[in-house]
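Colleague: Turn this into a structure:
(one chain, ligands or ions: 1)
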Amino acid sequence: MLAEHDGQSVTTEMQNGYVEPRLAGLHVVECECSAALKAATVGPDAVRLSSAAAGDLSGRIRRVELRSPCVVRITFDGPLPDGETYTLVLTDELRDGGGRPLCGETSLRARARCGDVNGDGVVTSADILRVREAAGRALVPRCDIDRSGTVTGTDMLAVRRRLTEAAP
Ligand SMILES: [Ca+2]
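Modeller: Next up, the predicted model:
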């Protein structure tokens, strides 16, 4: 299980194919493992980052640290460029408390696409509609594009600016 932590204590669950729709993009990612990790193995060699377009991007990983016994926090040197799909892999260098490599799902594919609130890969009027529906209600983190803490017309405008199809 992997989770994205956006620096404002709003944590979003991520699964393969996850799309990050907010302006701040993908910057900090946390990976929660089912077993406690061996602290000495949590370091730069424990994680690899790549994208289809740019290949290996592991050089953009600025910090890999143990946040709690089961959670690794990965910080990039800045938000990853919008529009790209990234693959994050926990390597065999990362070991559990018994010194064994992790088993199960150790990779995540995620895309940064500002404005793609519904995560279908494109920014359309459906995304604007979703933000409009969320406005003024209990916070839906995905719809809070500028992460102001509330969903407002500003978020709707931010999505509108990134439309990938002409408005009807
Ligand atoms: Ca969309």
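Colleague: contacts, neighbours, all on C-alpha from now
Modeller: Fine.
Colleague: host element of Glu65?
Modeller: Applying DSSP states H and E as the criterion places Glu65 in strand 61-68.
Colleague: which residues are contacting that strand?
Modeller: Residues from elsewhere that reach strand 61-68 (Cα atoms under 8 Å, 6 or more residues apart in numbering): 39, 42-44, 46-47, 49, 72-77.
Colleague: Scan those residues and report the most crowded one.
Modeller: Counting neighbours by other Cα atoms under 10 Å, the top entry in the contacts of strand 61-68 is Val72, with 26 neighbours.
Colleague: my read: it touches Val42, true?
Modeller: Yes: using Cα atoms under 8 Å, Val72 makes contact with Val42 at a distance of 7.5 Å.
Colleague: Could you identify the longest helix within the chain?
Modeller: helix 125-134 (DSSP state H).
Colleague: can I assume Arg142 sits in a helix?
Modeller: Yes: under DSSP: H, G, I helix; E, B strand; the rest coil, Arg142 sits within a helix.
Colleague: For the closest residue to it other than its chain neighbours, what are phi and psi?
Modeller: Using Cα to Cα, 6 or more residues apart in numbering and skipping the chain neighbours, the partner closest in space to Arg142 is Val117 (6.0 Å). Per-residue torsions, Val117: phi -60, psi -40 (degrees, to the nearest 10).
Colleague: Near Val117, how many other residues are there?
Modeller: The number of residues packed near Val117 is 27, by other Cα under 10 Å.
Colleague: Please report the distance of it from Pro69.
Modeller: From Val117 over to Pro69 the distance is 32 Å, taken as Cα to Cα, to the nearest Å.
Colleague: What of Ser107?
Modeller: Separation of Ser107 from Pro69 (Cα to Cα) stands at 19 Å.
Colleague: of those two, who's got more company?
Modeller: Between Ser107 and Pro69, counted using other Cα under 10 Å, the more crowded position is Ser107 (19 against 16).
Colleague: so the more buried one makes contact with Ser50?
Modeller: No: judged on Cα under 8 Å, Ser107 makes no contact with Ser50 at a distance of 11.0 Å.
Colleague: Assess the claim that the residue nearest to Arg142 and Pro141 are in contact.
Modeller: No: using Cα under 8 Å, Val117 makes no contact with Pro141, being 9.8 Å away.
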